[in-house]
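Chemist: okay, here's the prediction I keep looking at, along with the sequence it came from:
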Amino acid sequence: MGHLDHASFGWLTPVLSYVMACIGAALGLRCTVRALATTGRSRRNWLVTGASAIGTGIWTMHFVAMLGFGVSGTDIRYDVPLTILSLLVAMVVVCVGVFAVGYGRDRTRALFLGGLTTGLGVASMHYLGMAAVRLHGDVGYDPFLVALSVLIAVVAATVALWAGLNIKSPVAVTLASLVMGAAVSSMHYTAMFAVSVRVTPSGADLPGATAMQFIFPLAVGLGSYLFLTSAFVALSPTAGEREASASAQRSDESAAAR
């Protein structure tokens, strides 16, 4: 059995991955709040932005945490197409869940279906990412911890969507995002503790890319996207601010007409 190290860089990768999960959650919640206050194309655009933020945050959290993953006795490589597929899965399933809530007439049913779909999608993203791992040996999983990680993912996704429907104030969104970041990180490390590796020593070259060659640049790029999108959302006026501005403009025009 190879010894698994989930934090080979110390607390750096767990803390940074948690921060990325919180940023994605906070941005997704803010976009969902904006979406529910609008209609038509504007609602769709806000929902897409929110879904991409949450999906990107979850994926970045996962692979930033994976930068600290190591197994004694073997190098680790990542299959590039499978890793990219895991990112697309995260984006698509979160989008489905967010749209189910954003357009669902029966909020309870939409919340249940959206949370289940998104949670299973997040778990699928994680295990697709693990399937992309290439090493000298065989990877096994503890079925109980796998099931627990999936349950945590579904609960976390449902809570996230509920928060998007019911939480409005910036302070509440911040607190909710901190809780959601902790839930998503808990799901990741629960799933990682389910992993066991039986190392088969070999001198053969492993296929795929190293974490620093592929995952680190991609994680940095997606992290930059989250920060830039956060700035855009922060600077974009809310529906209330737009209405107040339009009302003030009408008042000015009325006064000028007199």
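Modeler: Alright, I've got the coordinates. Numbers count the residues shown, from 1 in each chain.
Chemist: remind me which residues of the chain are low pLDDT?
Modeler: Residues of the chain that meet the criterion pLDDT under 70 lie in 1-2, 230-258.
Chemist: need the helices for it, in chain order.
Modeler: Taking DSSP state H to define them, one finds helices in the chain at 12-36, 40-66, 80-103, 107-131, 143-166, 170-193, 216-235, 239-257.
Chemist: who does the longest one touch, helix- and strand-wise?
Modeler: For helix 40-66, the helices and strands in contact under the criterion 3 or more CB pairs under 8 Å, 6 or more residues apart in numbering; DSSP states H and E are helix 12-36, helix 80-103, helix 107-131, helix 170-193, helix 216-235. For glycine as for every other residue, the C-beta is placed from the backbone atoms N, C-alpha and C.
Chemist: so what touches the last one?
Modeler: With contacts defined as CB atoms under 8 Å, 6 or more residues apart in numbering, helix 216-235 is touched by 20, 23-24, 26-27, 30-31, 34, 49, 52-53, 56-57, 59-60, 63-64, 67, 87.
Chemist: now with 7 Å?
Modeler: Contacts to helix 216-235, defined as CB atoms under 7 Å, 6 or more residues apart in numbering, come from residues 20, 23-24, 27, 30-31, 49, 53, 56-57, 59-60, 63-64, 67.
Chemist: so who does the residue nearest to the spatial centre of the chain touch?
Modeler: By CA atoms, centre = their mean, the chain has its centre lying nearest to residue 58, at 2.1 Å. Residue 58 is in contact with 21, 24, 90, 122, 125, 184, counting by CB under 7 Å, 6+ apart.
Chemist: burial of the closest residue in space to residue 6 that isn't next to it in sequence, as a residue count?
Modeler: The shortest distance from residue 6 to any non-neighbouring residue, by CB to CB, 6 or more residues apart in numbering, is to residue 192 (5.5 Å). Counted with other CB atoms under 10 Å, residues neighbouring residue 192 total 18.
Chemist: relative to residue 21, how far out is residue 192?
Modeler: Taking CB to CB, to the nearest Å as the measure, residue 192 falls 14 Å from residue 21.
Chemist: quick one: closest of the helices of the chain to residue 202.
Modeler: Closest to residue 202 of these, according to CB to CB: helix 107-131, at 19.8 Å.
Chemist: any of the contacts of residue 58 buried? List them.
Modeler: Buried members of the contacts of residue 58, scored by 16 or more other CB atoms under 10 Å, are 21, 24, 90, 122, 125, 184.
Chemist: re the thing from before, tell me which of the helices and strands packed on helix 40-66 sits nearest to residue 203.
Modeler: helix 80-103 (23.0 Å).
Chemist: and the closest one, what does it pack against?
Modeler: Contacts defined by 3 or more CB pairs under 7 Å, 6 or more residues apart in numbering; DSSP states H and E place helix 80-103 against helix 12-36, helix 40-66, helix 107-131, helix 143-166.
Chemist: which residues touch that helix?
Modeler: Residues from elsewhere that reach helix 80-103 (CB under 7 Å, 6+ apart): 32, 35-36, 43, 47-48, 50-52, 54-55, 58-59, 110-111, 113-115, 117-118, 121-122, 124-125, 128-129, 131-132, 157, 161, 164-165, 208-209, 214.
Chemist: show me which residues of it are buried.
Modeler: 80, 82-83, 85-87, 89-91, 93-95, 97-102.
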